[in-house]
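>>> model the structure of this input:
(one chain, ligands or ions: 1)
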Amino acid sequence: MSLAAARIPEIQLQNVEMRYQTDTADVLALHQVSLDIAKGEFVSLLGPSGCGKTTLLRLMADLLTPTGGDVTVAGKSAREARLAQKYGIVFQSPVLYDWRKVRHNITLPLELMGVKKSIREDKALELLDLVGLQGFADKYPWQLSGGMQQRVAIARALSMEPEILLMDEPFSALDEFTRERLNEELLGVWGKVQSTIVFVTHSIPESIFLSDRVFVLSPHPGRLSAIVDIPLPRPRTAEMRNSPEFFELVARIRESFEGV
Ligand SMILES: Nc1ncnc2c1ncn2[C@@H]1O[C@H](COP(=O)(O)OP(=O)(O)OP(=O)(O)O)[C@@H](O)[C@H]1O
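This is a model prediction of the structure:
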């Protein structure tokens, strides 16, 4: 039985509220969001711009503190989870250091933690292998394509062996072909590392292809409007994108948007 099928709760949100208050604005970004994500599960946060996806991800990562409600990770606070290095985070833009070789970008978190050089070097090679970038260890980020750079960012996020990988629209700047290939590769990586993955996207097909469940968010204020199970078998294959089951899921999720 897979980790996710065992349904051990990992991330739990209860009545989470997030209000941004600035001199000029008072925005209720999230209203009464309650959800739980199982250990080892792959879920997507899907919704239009401004519905609070990034806010929700940042609350899970303890990069923001909710103005109401609770966020817990394996029964502890998100802050404790962050201090215990439970998170790896991948952003929309890969944020690599152009003057560091690929291998040294990947091992930066280990370096900051004072991990020995020989261990770091081994880890870099293992991670490069994992993300399909064997042979690129000594290149610089500017020598790589956008898709390859994002693979380096994923490898770096995995360097501390996080239990939870939080991904904020990591492939949205890439062309459709590269994006679909990286979706498939990401599932391969997930199969090996078995982290819990929370993936933010605007794309309905991307959320379906990747996820066990899709959390649909709607705006003004941001709230959870539907949770859609994705019963497509794993491993997912490119052909599944053209199956009647896939189209039905696209239609179901579209309808859940129209209903809000
Ligand atoms: N620091 C902030 N100060 C004030 N308002 C904010 C702040 N960050 C986000 N907001 C507002 O909160 C709401 C949710 O924003 P958020 O970025 O979480 O949405 P999103 O769904 O991730 O959007 P996108 O898909 O465009 O990235 C928006 O109305 C946004 O303008």
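>>> return the list of strands paired to the one helix or strand residue 227 maps to, each annotated with direction.
Taking DSSP states H and E as the definition, residue 227 sits inside strand 223-229. Strand pairing for strand 223-229, determined by DSSP bridges: strand 213-218 (antiparallel).
>>> hmm, who's touching the strand it pairs with?
35, 41, 43-48, 51-53, 56, 207-208, 223-230, 253, 256-257, 260 (Cβ atoms under 8 Å, 6 or more residues apart in numbering). All C-beta spots, glycine's among them, are computed from the backbone N, C-alpha and C.
>>> then stretch 134-141?
Residues beyond stretch 134-141 that count as contacts (Cβ under 8 Å, 6+ apart) turn out to be 94, 96-103, 105, 124-125, 128, 144, 148-149, 152.
>>> swap the cut-off to 6 Å and go again
96, 98, 101, 102, 103, 128, 149 (Cβ atoms under 6 Å, 6 or more residues apart in numbering).
>>> now that stretch: mean pLDDT?
Averaging pLDDT along stretch 134-141 gives 96.
>>> so for that stretch, what gets flagged as buried?
Buried residues in stretch 134-141, defined by neighbour count with 16 or more other Cβ atoms under 10 Å: 136, 137, 140, 141.
>>> ok, now stretch 251-258?
Here stretch 251-258 shows 253, 256, 257 as buried, counting by 16+ other Cβ under 10 Å.
>>> make a markdown table from those residues and add secondary structure, distance to the ligand and pLDDT to it.
Shown next, in a markdown table, are the buried residues of stretch 251-258 (DSSP: H, G, I helix; E, B strand; the rest coil; distance: Cβ to the nearest ligand atom, whole Å; pLDDT from 0 to 100):
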| residue | secondary structure | distance to the ligand | pLDDT |
| --- | --- | --- | --- |
| 253 | helix | 16 | 95 |
| 256 | helix | 16 | 86 |
| 257 | helix | 13 | 80 |
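>>> pipe those into TSV and attach distance to residue 82 per row.
TSV is the format used below for those (distance: Cβ to Cβ, whole Å):
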residue	distance to residue 82
253	31
256	32
257	32
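>>> tell me where the stretch 101-250 of the chain has helices.
102-106, 108-112, 117-130, 146-158, 176-193, 204-210, 244-258 (DSSP state H, counting those that start in this stretch).
>>> what's the mean pLDDT across the helix or strand where residue 72 lies?
Residue 72 belongs to strand 68-73 when assigned by DSSP H and E. Average pLDDT, strand 68-73: 96.
>>> buried set for it?
69, 71, 72, 73.
>>> ok, these vs the ligand, which is closest?
When the buried residues of strand 68-73 are compared for distance to the ligand (Cβ to the nearest ligand atom), residue 71 wins out at 14.7 Å.
>>> now that closest one: closest residue in space that isn't a chain neighbour?
Take residue 71 and drop its neighbours on the chain: the residue closest to it by Cβ to Cβ, 6 or more residues apart in numbering is residue 78, 4.5 Å away.
>>> low-scoring stretches of the stretch 1-150 of the chain, by residue?
Along the stretch 1-150 of the chain, the parts satisfying pLDDT under 70 run over 1-5.
>>> near the ligand, which residues of it?
With the criterion set to Cβ under 6 Å from any ligand atom, the stretch 1-150 of the chain comes near the ligand through 20, 22, 25, 27, 29, 47, 49-55.
>>> restricted to buried residues, select these in ChimeraX.
The buried residues among these can be selected in ChimeraX (16+ other Cβ under 10 Å) with this line:
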select :27,29,47,51,52,53,54,55
